[in-house]
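Trainee: Let me see the structure of the following:
(2 chains)
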Amino acid sequence: MLRRSDLRDAWLLARVELAATWRRISDDRRQLAGIGLGVLQFAVVLPALFFAQATAFGRDLTGATPPVGTVGALCLGAAVAGVYLGSMSAISQNRIGSVGPLIRTSVPPAAVSAGRIASETVQGTVLFVVPTLATLVEIGIGAGGPLAPLSLGVGLFVFVIAGLFLGRTLGAAARYAGVLARLSAPAKAVGFLVVMVGIFLGSQAAIQAVLPEDADFGVSVSIPAFLPGEPIQAAVTVLLAPLGADVRPLGVAALAAVVVAVPLFLAAAVRAETAVLLADTDDDSTGESETRSVPWPFTVTPAARVAFRHLLRTARDPKSVFHVLPVVFGGLGASVTWLGQPDLAYTMAPPAMVVLGAVLAGVLYCLNPLGDDRDQLPLLMTSVRSTGVLLRGRILAGAAVGVVFAVGLGTPLAVPGNPPGYVALQTALAVVLVVASPATALGLGAFAPKFERREHLNVERAHPSQRATMGFMFGGTAVAGAGAFLAWWTVHRGSRPLLIAGGWVGYLAVVVALAVLGYRYAVRRFDAFTLDDV
Amino acid sequence: MTDAAIETRALSKRYGSTTAVRSLDLEVPQGVVYGFLGPNGAGKTTTMRMLTGLIEPTEGQGTVADTDIEDRRALVDRIGLLPEEPPLYNELTGREQLQFAADLRNRSWDEVADRAVGICEALDLAADLDRRIDGYSKGMRRKTAFTQAVMHDPAVVFLDEPTSGLDPRAAKTLRELIVDLASEDTTVFLSTHILPVVEEIADRVGVLYDGRLVAEGSPEGLVGQTAEDGAADADLEDAFLELTEERATA
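Mentor: Have a look, this model is predicted:
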């Protein structure tokens, strides 16, 4: 139970954390510009784009029959979004490691938990406040008065807050379970990945279930029967009572339950997070691990030996490559589409594996070369004559993973249903791409290396630039996809050999030139690199 | 330039309007332990970074083991560095880290293993070499980083606070290892705040203050220069305080 002094400490902690976060953002012009653009987009552009729909919805709210189903769906969506944000913010708490000892010995743990919940809730939701208010104003314009947006706003607020605190509790409980289970770093990373994939696929399934194919986003959406639609819609009748909705007793009970759930969920969240805070979370290291000697074929060259160490470190701490998750989720997005169209999956899966392998090969180790070795730079820079060996090690490490997808999966998937010529061509293309892609990525990474540690996807380290990651992901997909298309065209529509040969020459010239330029630029850049550049 | 293991002429480093190192002239003979002292922010780390090629001087020049300090490609074969923060990969075991460091220098593990394991045995680390570094204590990390800095038998070794975090027994062993290195003709450039260590093992001492070399000589010589009225119980700490206080109040 929180005391008055705990609340004071919690408020102090939340205030300091928010001020520190704001200072971090405002000190970084690029981050500030990014946030400014985000606010502009969410607060001005999107409300302007959806002005007609929002005002129409406002008119519906004040019509003869208030759209209870739609508002119910919105409230449920707000609660689900709250659960997602809350659970993610509870799981991503790396900074607690650095400030933990201070706050653990300065203020009661419950106050620490409450303060962090407050500050992270504000940080997680602040970007949505302005666009939500702008949309409510538009709804008010359509409704011709403040009553409709006020009723809707109160409903959304109650549901999103309840969702946030429930999510926070679930996230903290998941962390606590991880601590009690004493999982190894790889097991934790796999668990995290499974949860993320589950949330992603679950949300896709929920969206498809809630929104029928012919859904009109304006008014007619309702909650399907398998969700707790009836109590939520009943609760909405209470919210919309001032607008003429028929209130049902079930609705009063349901809304009261949601309102009562808010402090209960908050108390549960504080309790769960306090348990995590007091647990011994310093459990990433098992302390026991056999030394692995470098196996063949990684023994062949010094760069290959460097590559093996990258792979070994990733196997022991997969979180260090969590910046590839956007690629994984991009692939999952495509998979969800294919699940509904098996014929498409049959045709697309082999080249898609080539593209995935090529992109992964580049993104894994080459988008922030030496940036993610920041702490080891004094060793690296005083040990190697040229950074070329380190960079080639990164290319080989990326290629070793990429080839598993591009050739290991892509080739067997291509065998049924394709002529041997296509299988051979796709395999050869895959081999070229998994080497060329990381070499190209090196150039991009050397152009904008990142040395500052920051927290992203629950990992605190010097991550590659997000723009470089996304840019490489889309660019790499386009280039690798073009090659896959050329391979398919060559075998299935190869009636004009000269044109095809010219296409291959041009394509390979571009791919190889990008790779060579990228690698050579990176070597030149990093050979001239000093700690003054960090 | 002479045959000194480390030699600098008017070496300077500026960061904007701040001058970290001012016109530093150093001459460190081969096969000695050189204690490099100075208060926090005096420019010791900046000097070590320039001498190891990690940063470029703004002005001046220097050589380490007859190699221009701006020629990093050639320099790496001649030096070893233990920086203040041990540059280790947490996910590797101690042995894997040392093997990796050997690979980076293009030396086979077989070539350096005897020396590396011998140092680890002396430092009581050998039994833990197959444990992951993320389970190491601060002292064990320091011992591993020391080993990787010297196992390839470099001509000049730069050590920044090598005994920090070590227990008394390990610190004593490490001091002995440093003396052994010098006796094998390796030059040891030792930066530390632990003055008794310098007094015990250094052949020469340089005191840096506000980027300038304000005193240099043997530990006994410095103590003698600064001791008031030839006080018999004066030590290097008194000399250091005297030298730096003079400058602070000047």
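
Trainee: check which helix or strand covers residue B:233.
Mentor: Assigned by DSSP states H and E, residue B:233 belongs to no helix or strand.

Trainee: cool, and residue B:189?
Mentor: Using DSSP H and E, residue B:189 falls within strand B:187-191.

Trainee: who's in contact with the next helix or strand after that strand?
Mentor: Heading C-terminal from strand B:187-191, the first helix or strand you meet, by DSSP H and E, is helix B:195-201. Here helix B:195-201 makes contact (Cβ atoms under 8 Å, 6 or more residues apart in numbering or on different chains) with B:33, B:35, B:37, B:163, B:171, B:175, B:178-179, B:190, B:192, B:205, B:219, B:235-237, B:240. From N, CA and C alone the C-beta is placed, and that goes for glycine too.

Trainee: Quick one: distance of stretch A:470-479 to the chain centre.
Mentor: Here stretch A:470-479 shows a centroid-to-chain-centroid distance of 17 Å under the convention Cα atoms, centre = their mean, to the nearest Å.

Trainee: So which bits of it are buried?
Mentor: Neighbour counts over stretch A:470-479 (16 or more other Cβ atoms under 10 Å in any protein chain shown) mark A:472-473, A:475-477, A:479 as buried.

Trainee: Around chain A, which positions in chain B sit nearby?
Mentor: With the criterion set to Cβ under 8 Å from any Cβ of the partner chain, chain B comes near chain A through B:49, B:52-56, B:72-77, B:79-81, B:83, B:85, B:87-93, B:95-96, B:99-101, B:103-106, B:129-132, B:134-135, B:148.

Trainee: distance between the helix or strand containing residue A:472 and the chain's centre?
Mentor: Using DSSP H and E, residue A:472 maps to helix A:466-492. Relative to the mean C-alpha coordinate of its chain, helix A:466-492 is positioned 22 Å out (Cα atoms, centre = their mean).

Trainee: again with stretch A:83-94
Mentor: Stretch A:83-94 has its C-alpha centroid displaced from the chain centroid by 12 Å (Cα atoms, centre = their mean).

Trainee: Give me the contact list for it.
Mentor: In contact with stretch A:83-94 (Cβ under 8 Å, 6+ apart) are residues A:116, A:120-121, A:123-125, A:163-172, A:174-175, A:192, A:199, A:203, A:269, A:272-273, A:276, A:455, A:457-460.

Trainee: low-scoring pLDDT stretches of chain B, where are they?
Mentor: Where chain B drops to pLDDT under 70, the residues are B:1-2, B:227-232, B:246-250.

Trainee: Please tell me how far residue A:399 sits from chain B.
Mentor: Here the criterion is Cβ to the nearest Cβ, to the nearest Å. By it, residue A:399 lies 19 Å from chain B.

Trainee: sorry, that was for residue A:267
Mentor: The gap separating residue A:267 from chain B is 36 Å, by Cβ to the nearest Cβ.

Trainee: what about that residue, neighbour count?
Mentor: Neighbour count of residue A:267, defined by other Cβ atoms under 10 Å in any protein chain shown: 16.

Trainee: ok so, going back, the contacts of stretch A:83-94 in strands, which ones?
Mentor: Within these, residues falling in strands by DSSP state E are A:455, A:459-460.

Trainee: So which of those residues wins on neighbours?
Mentor: Result: residue A:459 is most packed of the ones in strands among the contacts of stretch A:83-94 (other Cβ under 10 Å), 21 neighbours.

Trainee: in the sheet, who's paired with that residue?
Mentor: Assessed by DSSP bridges, residue A:459 has beta-bridge partners residue A:456.

Trainee: That one against residue A:321, yeah?
Mentor: No: using Cβ atoms under 8 Å as the test, residue A:459 is too far from residue A:321 to be in contact (9.0 Å).

Trainee: Great, nothing more from me.
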